[in-house]
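Fold the following, please.
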Amino acid sequence: MAATILIVEDERIAAMAICALLEDRGYSVLGPAGNATAAAAILAKSRPDIVLMDYRLEDFENANYVNGAQLAKIINQRYEIPVVFMTGYRDQKTFAELMQAEPFCHLQKPFTDEQLLVSVEFALLRHQSFRLARDTRRLHDASIILAGHVRDFNGLLTALSLSVWQLETTPPGDSTSMLIYQMKRNLEKAKGVTDHLLQFARGSDAPSEICNLAEFVRSCAQCLVQPIIRAWRTQHEDKEITCDTSSDADNITVRINKREIEELLLILCRNALKAMPQGGSLRLTVGGERLSLEKEGERYIGEFAYVKIQDTGLGILSDQLDKIFLPSLSSDPNTGFGLDLARAQGIAVKHRGFINAKSAVSQGSTFTVFLPAMPEKK
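Numbers count the residues shown, from 1 in each chain. So this is what the prediction gives:
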């Protein structure tokens, strides 16, 4: 199937020429969009494989978008679609701004037809390699989590078998009632394990639902994070990592896609483990906070729930902290760079929230996931 490309270019003649070239080469074209507002409207309805965008894209209709760089960040976070910039500017300031936006590729105007086509194919291939690396990591996580659940399930089956044997050899009485009670409890636990596995297997297509955030995080820590920690311990026999959960808001609720938020928490916890090669402590804290701020062109006002993921690891250099959520080919365990954190931020933004990061070298890092809180029931 031919790739779909969104064209965002405010020069009408140039835009139509690009559209004609791409359609002639078999691509499906969306647009052209003449400004960021028009591009955002198209993205709200369609999902192109790539966005070809003029870098200097002034948009006076929407104060949230100043130029192509800001729109590119939103596209990366919300939709994970690769962006190829087109620019006629050659000064160092523009180049530095362009690099901050992390395009998959950029074209210097004027460019030839072949240069355009090569850049498009390069961006598509690069994006495919990113997705393959991410899917491989997910599969690895799933295998570890599945192994942990299988072990838990086998333990429950053993306990049930023992209860059945005791029930068969015990005369009726109070002890029989206790054995039946224990069997019911173990069956409930077994059902919980299978439900969690089914939910994990459903993926991002699972519907969003309202849940108690503190209970959800505790479940994730036990069923998803602990298996990863046990695997870490087998590779670091002389080291130790502890994992604790706490809550400052036991009754706070959120509407989430559980599978996606599980993935988000796994990404952050996995990065925390990588940052603690000598061992340490990992803490997940649930709470609530009223926000009134603007971040990346979005306003966050009202009651928000949060999950803090704190580690005592290596920390992140201050000059790298503002770059860790940008897509990158690197995946340095000491800095947390890579597609994983970009994916995590994208999930948070999709839920109308965001992730904030604080860190100090040799002291550890704190990643705080903010999600809109549901109104309290009166």
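
Residue 301 - that's part of a helix, no?
No - using DSSP: H, G, I helix; E, B strand; the rest coil, the secondary structure at residue 301 is strand, not a helix.

Okay, and residue 226 sits in which element?
Assigned by DSSP states H and E, residue 226 belongs to helix 226-235.

And the helix or strand just after that helix, how far out from the chain middle?
Following helix 226-235 in sequence order, the next helix or strand is strand 241-247 (DSSP H and E). The chain centroid and the centroid of strand 241-247 are separated by 21 Å under Cα atoms, centre = their mean, to the nearest Å.

for strand 241-247, which positions count as buried?
Across strand 241-247, burial judged by 16 or more other Cβ atoms under 10 Å covers 241, 243, 245, 247. In short, each C-beta sits where N, CA and C put it, glycine included.

Now the helix or strand following that strand: average pLDDT?
Sequence order places strand 253-256 as the next helix or strand after strand 241-247, per DSSP H and E. Averaging pLDDT along strand 253-256 yields 95.

now what about strand 253-256, what contacts it?
With contacts defined as Cβ atoms under 8 Å, 6 or more residues apart in numbering, strand 253-256 is touched by 208-213, 216, 305, 351, 371-374.

Next secondary structure after it?
helix 258-274.

Quick one: work out the angle between that next one and helix 226-235.
If you take axes from the mean of the first three to the mean of the last three Cα atoms, to 10 degrees, helix 258-274 sits at 20 degrees to helix 226-235.

Send me helix 258-274 as CSV with only the CA atoms.
Taking C-alpha atoms only, helix 258-274 is exported to CSV below (Å, rounded to 0.1, in the frame of the first residue of the first chain):
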residue,chain,number,x,y,z
LYS,A,258,-5.3,0.9,30.9
ARG,A,259,-3.0,-0.9,28.4
GLU,A,260,-1.4,2.4,27.3
ILE,A,261,-0.9,3.7,30.8
GLU,A,262,0.6,0.3,31.8
GLU,A,263,3.0,0.7,28.8
LEU,A,264,3.9,4.3,30.0
LEU,A,265,4.6,3.1,33.5
LEU,A,266,6.7,0.2,32.2
ILE,A,267,8.8,2.6,30.1
LEU,A,268,9.5,4.9,33.0
CYS,A,269,10.2,2.0,35.4
ARG,A,270,12.5,0.3,32.9
ASN,A,271,14.5,3.5,32.4
ALA,A,272,14.8,3.8,36.2
LEU,A,273,16.2,0.3,36.5
LYS,A,274,18.7,1.0,33.7
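
now for it, which elements pack on it?
With contacts defined as 3 or more Cβ pairs under 8 Å, 6 or more residues apart in numbering; DSSP states H and E, the packing partners of helix 258-274 are helix 113-169, helix 174-202, helix 213-220, helix 226-235, strand 280-295, strand 298-311, helix 339-350, strand 364-372.

If we use 7 Å, what do you get?
helix 174-202, helix 213-220, helix 226-235, strand 298-311, helix 339-350 (3 or more Cβ pairs under 7 Å, 6 or more residues apart in numbering; DSSP states H and E).

If you count neighbours, what's buried in the second one?
Neighbour-count burial for helix 213-220, with 16+ other Cβ under 10 Å as criterion, is recorded at 213, 214, 216, 217, 218, 219, 220.
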